[in-house]
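A.B. asks: Coordinates for the following, if possible.
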Amino acid sequence: MKEKINELKELFSKRKTEAQTKEDIEALRLEFMGKKGHITTLMGDFRNVLGEQKREIGMMINSLKQEIEKTIEELKAKNEQKEMDKRLENDKKIDYTLPVEDGVGALNPRTILQKQIVDLFVSMGFTIEDGNEIETEYNNFDSVNVPATHPARDMQDTFWLDNGEVLKTQTSAAQNRILREHGPKCRVLFPGRCFRNEAVDATHENTFFQIEGVVVDENVSVSNLIYFMEEMLKGVLKKDVKVRLRPGFFPFTEPSFELDATCPLCAGKGCGACSHTGWLELCPCGMIHPNVLKEAGIDPEKYNGFAFGLGFDRLVMIKTGLDDIRHLNSENVKLLKQYGTKI
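C.D. replies: Have a look, this model is predicted:
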């Protein structure tokens, strides 16, 4: 065992001299500290060490682990400084006195509407949190009641990274972390960018934005959910809006609903935008599934709550009259500035 530890120490000394780029350093970290790395394997072998040797071997493993972690952090810091120096050197070649051809930029219509929605929920006592764009498989799926065998995963085809993490398919990926941080009595809103392997067209994008909200407390009801949704829509659309709930299915809520609102363009009379139904489908929602609460360390016998995931790109299109969702991710400042003034 001692010989193996010394061999790993020599191997690491050799590998660290080869790690020159950010990608090299991450590969080095995974090789030694990843789930299938050398240190993890070493810890597994440690179980077979005889009792009288455990103390000495354990100290050797811990010392090697600390040395590797410290060295990797130093390599990262050195690489970041190198990249910064390189950028600063390149900046010297830029002439900041040159005129800007396209004039001043503008906020994306999506950004404007998100700020409005966030301000509304803050006024209703919500805390605002940020979600990660890269998530673990556990946070994105398992923690919200979507195990590996669940058919719902097929509906959320996503982009997987080499290390087993994913580009999050929904803002619900932050639920477990946020519920653990805020505890059983909370009102939290977390906007974020999501990714799915979609066929892109005028109404579908592989990169889109959602705003997720959760409320957890004692005796929370569906009526509370309806109230918050109505208040949000009235604030955004500047008019009274009725909402309705239709049965739906989402693994992380039970019961689950699809929330519709009266079409603001025709006031519920029926038009092309609402397929002549008078209603617009806005967001999935429902009462948080007991399994999700339990996974976050909250007692579902004492507390309950609701969650909603507003796909607000559609709301942007409704407010602006924008006919193609792909424009929102474009770099057409002239077009987006024009639509931004309509919000």
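
A.B. asks: Spit out the contact partners of the closest residue to Val241 other than its chain neighbours.
C.D. replies: Spatial nearest neighbour of Val241, excluding adjacent residues (C-beta to C-beta, 6 or more residues apart in numbering): Leu233 at 4.3 Å. Bear in mind the C-beta positions are built from the backbone N, C-alpha and C, glycine included. Listed by C-beta atoms under 8 Å, 6 or more residues apart in numbering, the contact set of Leu233 reads Val241, Val243, Ala261, Leu282.

A.B. asks: what about Leu233, distance to Phe312?
C.D. replies: For Leu233, the distance to Phe312 equals 11 Å [C-beta to C-beta, to the nearest Å].

A.B. asks: returning to what we had before: neighbour-wise, give me the winner out of the contacts of Leu233.
C.D. replies: Ranked by the number of neighbours (other C-beta atoms under 10 Å), the contacts of Leu233 place Ala261 first, at 24 neighbours.

A.B. asks: For stretch 111-126, list every residue counted as buried.
C.D. replies: By neighbour count on 16 or more other C-beta atoms under 10 Å, the buried set for stretch 111-126 is Thr111, Ile112, Leu113, Gln114, Gln116, Ile117, Leu120, Phe121, Phe126.

A.B. asks: what does it rub up against?
C.D. replies: Under the criterion C-beta under 8 Å, 6+ apart, external residues in contact with stretch 111-126 comprise 128, 187-189, 191, 209, 211, 213, 228, 231-232, 235-236, 310, 312, 315-316, 319, 340, 343.

A.B. asks: From those residues, list just the buried residues.
C.D. replies: 187-189, 191, 209, 211, 213, 228, 232, 235-236, 310, 312, 315-316, 319, 340, 343.

A.B. asks: Determine the set of other helices and strands touching the helix ranked longest in the chain.
C.D. replies: With DSSP state H applied, the helix covering the greatest number of residues in the chain is identified as helix 51-91. Contacting helix 51-91 under the criterion 3 or more C-beta pairs under 8 Å, 6 or more residues apart in numbering; DSSP states H and E are the following elements: helix 2-18, helix 22-33, helix 38-46.

A.B. asks: Of those, flag the one that's most buried.
C.D. replies: Among these, helix 22-33 has the highest mean neighbour count (mean count of other C-beta atoms under 10 Å), at a mean of 17.

A.B. asks: Summarise which helices and strands that helix is packed against.
C.D. replies: Contact here means 3+ C-beta pairs under 8 Å, 6+ apart; on that basis helix 22-33 packs against helix 2-18, helix 38-46, helix 51-91.

A.B. asks: Distance of the residue of the chain most remote from its centre relative to Ala199?
C.D. replies: Checked against the mean C-alpha position of the chain, the extreme residue using C-alpha atoms, centre = their mean is Glu52, at a distance of 47.7 Å. For Glu52, the distance to Ala199 (C-beta to C-beta) stands at 64 Å.
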